[in-house]
Every structure is written in C-alpha cells, then in structure tokens.
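>>> with the input below, show me the fold.
(4 chains)
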There are 2 protein chains.
Amino acid sequence: MPPKPKTEQEREQLRTLIIDNARDLFVSKGIEAVTMREIAKRIGYSATSIYLHFADKEAVLRAICDTDFLKLATTLKEILSIEDPVARMVAFGEGYAKFALAFPNHYRLMFMTPHLPYSQEQSDLQRNNAEQDAYFQLKMVVHDVYAAGGFKSELHDAELIAQTIWAAIHGVCALQIIMAQDDWVEWRPIDTRLSMMQQLMLSGLLKEKNE
Amino acid sequence: MPPKPKTEQEREQLRTLIIDNARDLFVSKGIEAVTMREIAKRIGYSATSIYLHFADKEAVLRAICDTDFLKLATTLKEILSIEDPVARMVAFGEGYAKFALAFPNHYRLMFMTPHLPYSQEQSDLQRNNAEQDAYFQLKMVVHDVYAAGGFKSELHDAELIAQTIWAAIHGVCALQIIMAQDDWVEWRPIDTRLSMMQQLMLSGLLKEKNE
DNA sequence: GATGTTAACTTAACAATGTTAATTTTATTT
DNA sequence: AAATAAAATTAACATTGTTAAGTTAACATC
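The predicted structure follows:
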C-alpha cells in the first residue's frame, strides 16, 4: 500500500521476494503453476507490479536460475575441502546428482530448458568464481586430479574431461527426472545407475595402478 | 469440405496429416509455433476439428512422439546388421547421437520433456519389437557384446549397462542441445565430446586385451 | 498549507491459446 | 423429398502474458 519513493535496498528486497515465491511455486505446485498472477497473489501484489521489477516472465525465470546456480555452487563448495583429489571428484559428482534429484523442477529449469544465452550484464553471478560457479568448481576438481597425475597418460585436456564427466552425470539424472516413471524401461535403481556411471568414468579416466 | 461418413482409412489419413504437419511446424518454426490453430491452418481445417481426432494437444504431441520413436528405431535398424558386436555397439551410439543432434526439437520432445506415462493402449508402438523399439534394440546390441564375452568379467547386468550407455550418450546430446550456445562454458567441439564419451565407455566396459 | 509532480501500484483491457458448446453443412437412408 | 447423423465450422469461454490507462499518496514548491 505505501506509494512514494523506495530505497535501492527495498527494491532489492521485493525482487528477492518475487523470486523466492516463484521458486516456492515450482516446488509445491509444479512448474505450470508458475504464472505471473499466481506469483503476485503469493506476495500480495497485483500481477502487473512484477513488471516494475522484471522485464518479463523469462526474466523472472532467469533470476530463479541464477539463485539456483548459486545454491548449487554453495552446496558443492564444502565438498571442495576433501583432501584426496580423486575422492573429491567422486564426491563432487555425487553431490551434483543429489542436488539434481532433490530439486528436479529446478534442475529442469537450469539444465534441461532452453533459455536465451546468458549475458554478463543480466546476471549477477560471477563466472570463474569458486563460490558461485559450479562449472568452475568442476574444472578445478578435475584439474587437481590431472595435476596429481591421476588420469591416464593419454588424457591431456582437463576441460574436455570435465565436460564429459558433467555429461555423464547429467545423462543419468536427466533420464531419471524425465523417464523414471515410464515403465517402458525396466529401470535399475537410480543409485545403482549413478554408481555404475561413476565406476565407468573412473575406470575409463584414471590411471591403472600398475601403469 | 466433404461431410458425411468416413472410412477408418480416411480417419487414419487425417490423423497422419495432422501429425505430419505438427511435426513440420516443429522443425520449420520452432516448438512454440505448434499451436492448435497453426496446425489447423496448415491442413486447411479449423482448429476444433483436431479435437475430433485427438483428445487434446498432449495427445497430438504424444502421437508425434510415437512417430519419432518409430523413426528413430527405423533409422537405427540398419546398424543392427553390422557384424562385429563391439563395432555394432559403437555405431549404435553414434547413430543415436546423430539422430538427436539432427532433430533437436524432436529429441527434446521425446526425451527431455515430461509426459504422462505411456499406456499400452494409447500407443500403437510395440514394445520389445526390434523394428519399433529403439531401447529394445540397444538392449540387444549390448546383450550381444555380453554374450560374446566382450565386457569386463565383473559386469553381469546387461540391462544396467544398456541404461548407462544410454545415459552417457544422452548426457552429451542433451547438454549440447540446451547449452551449446551458452558461452559460460568453453565447449569442446561436439564430435570431440561424443567420441571422448564413447572412448570412456568402451575403456570402462570392455575387457582388456590381456585379460 | 494548498498545489503539483511523480513513483508505486492497481484496474482495465488486449491478444493469443487451449478447449467446449452451439450451429451449420451435407452425404446417406427412408 | 424428408429425416438423420457424421463432419465440420463458428462462437464463445477461461487462462495467461503483457500493455495502457488510471489511482494513490509522499514529497517539493509556491
């Protein structure tokens, strides 16, 4: 109800309020419940008020993505403190999968839904920041194994390895999220599939003991 | 314009006409152009006529999926004639990826979009049919390598292997389709990533030569 | 202190879309 | 020729994203 001026802090608070409630709608009522009017109802404003803070619905979704990217990176950060490089890499994969399967709607929005390309301006996230960029974290983790001489001698491109590991874990999680309840396939338990994939990756990537 | 009765064959032709034009819209104008009215315009009928043949839009999309599943299986079928089991498995993965990347919109609809669980009645596709069921084909391909003693001796679950291979290839393709144009990641060329993944799978799954 | 200005917000309204109801058209049957 | 019913269309509704047109109230200015 209060009209006149608004501090930058207050505007930021409102933005956050919008994003948080939109994220809530995801989790509690599913992705199709995220309408501008529904978000507005939650925060006690009219739907059009959202347009005072976001250009359009896509912008709201992108902001949610940003929040989730940050949350993912924050979640994974503590794994980085594991000492052994290989154990760290394994735990990183497990942590990533755990996040994906715990928040499937968010994961779908983040990594399974087409968005306009991110532009540096629109996002507050800092690339190549170990606190905020989960992909950068993965690169570091993989690079550390590489630096420790853990990979097979013919493997030289740590970034390629990182992208392949990501794809491997993503593949298991993405199929699980989309197709788990489809009985066309006699799915093995998701934990089994995940550890099988990890196993394969390790056995394909890591140096043999006698090498 | 012709009204009265309609043979079963004619009804089937109309169904097919609807599906084909809806698929066309995907490819030419993108996924958001697939509206009931747009489909109708294409086939020269009114939008509501589609409801005489399909329960709702979801049903149209599911029918498109079915067509695409069949097309995928048909595409992959010729690979099954490759003699060497391992070469066949490799080619199968390549063929699958080729399909995914050639028809990203279809692939997204098939494997990256949530649908209601398939029920045997709604679909004409025959499960466990080597001509129509690409997953069954994959199972066979993997099983043949298993039967030929190609896998490491500790691997016993061919279906789990099949699901893991699927996830691996799917992961690479899915990330490519969604995130390729995102410059957050310095993507290696897609061919490089695909063959890296195949390499890793093979080296993790296949028996060593000296074993 | 009245008046005007402007940010913040709301209500009206529009266009697009999925979908249903009512209506029209017309081939076949009687 | 009239009746019937399938096939199709037009009208119409609800929902949604979004824009345009008001409305409200804090502040500045006279």
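>>> skipping adjacent residues, who's closest to the residue in chain A that chain B sits nearest to in space?
In chain A, the residue that lies nearest chain B is A:G171 (2.5 Å; CB to the nearest CB). The C-beta positions use only the backbone N, C-alpha and C, and glycine is treated the same way. Leaving aside its chain neighbours, A:G171 sits nearest to B:G171 (2.5 Å; criterion: CB to CB, 6 or more residues apart in numbering or on different chains).
>>> ok, A:D144 next?
Nearest one to A:D144, counting by CB to CB, 6+ apart, is A:P85 at 4.4 Å.
>>> so that neighbour sits right up against A:A148, yeah?
Yes. Here A:P85 reaches A:A148: they are 4.8 Å apart, a contact under CB atoms under 8 Å.
>>> compare neighbour counts for the two and give me the winner.
Just comparing A:P85 and A:A148: by other CB atoms under 10 Å in any protein chain shown the higher neighbour count belongs to A:P85, 18 against 11.
>>> residue contacts, the more buried one?
Going by CB atoms under 8 Å, 6 or more residues apart in numbering or on different chains, A:P85 touches A:141, A:144-145, A:147-148, A:150.
>>> any idea how far it is from A:Q181?
The gap separating A:P85 from A:Q181 is 37 Å, by CB to CB, to the nearest Å.
>>> please apply the same query to A:Q132.
34 Å.
>>> still on that earlier bit, burial count for the residue nearest to A:G171?
26.
>>> try A:F136
Based on other CB under 10 Å, the number of other residues close to A:F136 is 19.
>>> ok, now A:N128?
Neighbours of A:N128 (other CB under 10 Å): 11.
>>> so between A:Q132 and A:Q181, which is more surrounded?
Comparing A:Q132 with A:Q181 by neighbour count (other CB under 10 Å), the higher total belongs to A:Q132, at 20 against 12.
>>> thought A:S123 was touching the more buried one, still the case?
No. A:Q132 lies out of contact with A:S123 (CB under 8 Å); the separation is 10.0 Å.
>>> got the buried residues for the helix or strand hosting A:L61?
For A:L61, the host element (DSSP states H and E) is helix A:57-77. Buried residues in helix A:57-77, counted by 16 or more other CB atoms under 10 Å in any protein chain shown: A:60-73, A:75-76.
>>> cool, stretch A:130-140 as well?
In stretch A:130-140, counting by 16+ other CB under 10 Å, buried: A:132-140.
>>> ok, the closest residue to A:R127 other than its chain neighbours - contacts?
Of all residues not flanking A:R127 in the chain, A:D133 sits nearest, at 5.6 Å (CB to CB, 6+ apart). Going by CB under 8 Å, 6+ apart, A:D133 touches A:69, A:73, A:125-127.
>>> give me the lowest-pLDDT entry from the residues you listed.
On pLDDT alone, A:L125 ranks lowest of these, at 78.
>>> backbone phi and psi for it, please?
Main-chain dihedrals, A:L125, degrees, to the nearest 10: phi -70, psi 140.
>>> how close does it sit to A:T67?
Counting by CB to CB - A:L125 and A:T67 are separated by 9 Å.
>>> tally of neighbours for A:N21?
For A:N21, the neighbour count with other CB under 10 Å is 18.
>>> whoops, A:Q199 was the one
By other CB under 10 Å, neighbour count at A:Q199 equals 15.
>>> quick check: it touching B:L200?
No. Judged on CB under 8 Å, A:Q199 makes no contact with B:L200 at a distance of 11.4 Å.
>>> quick one: terminal-to-terminal distance for stretch A:149-157?
Its first and final residues considered, stretch A:149-157 spans 13 Å by CA to CA, to the nearest Å.
>>> which residues touch that stretch?
A:85-86, A:145-146, A:161, A:205-208, A:211, B:188.
>>> and the contacts of the helix or strand harbouring A:S203?
Assigned by DSSP H and E, A:S203 belongs to helix A:190-205. Applying CB under 8 Å, 6+ apart, the external contacts of helix A:190-205 come out as A:86, A:90, A:93-94, A:97, A:101, A:151-152, A:155, A:161, A:164-165, A:168-169, A:171-172, A:176, A:180, A:187-188, B:160-161, B:163-164, B:167-168, B:199-205.
>>> what is the rounded mean pLDDT of that helix?
97.
>>> what's the local residue count around the closest residue to DNA strand C within chain A?
Going by CB to the nearest atom of the strand, DNA strand C is nearest to A:K6 of chain A, at 2.9 Å. Neighbours of A:K6 under the rule other CB under 10 Å: 13.
>>> buried ones in the helix or strand following the helix holding A:L61?
Once the chain leaves helix A:57-77, the next helix or strand it forms, by DSSP H and E, is helix A:85-102. By neighbour count, with 16+ other CB under 10 Å as the criterion, the buried positions of helix A:85-102 are A:85-86, A:88-97, A:99-101.
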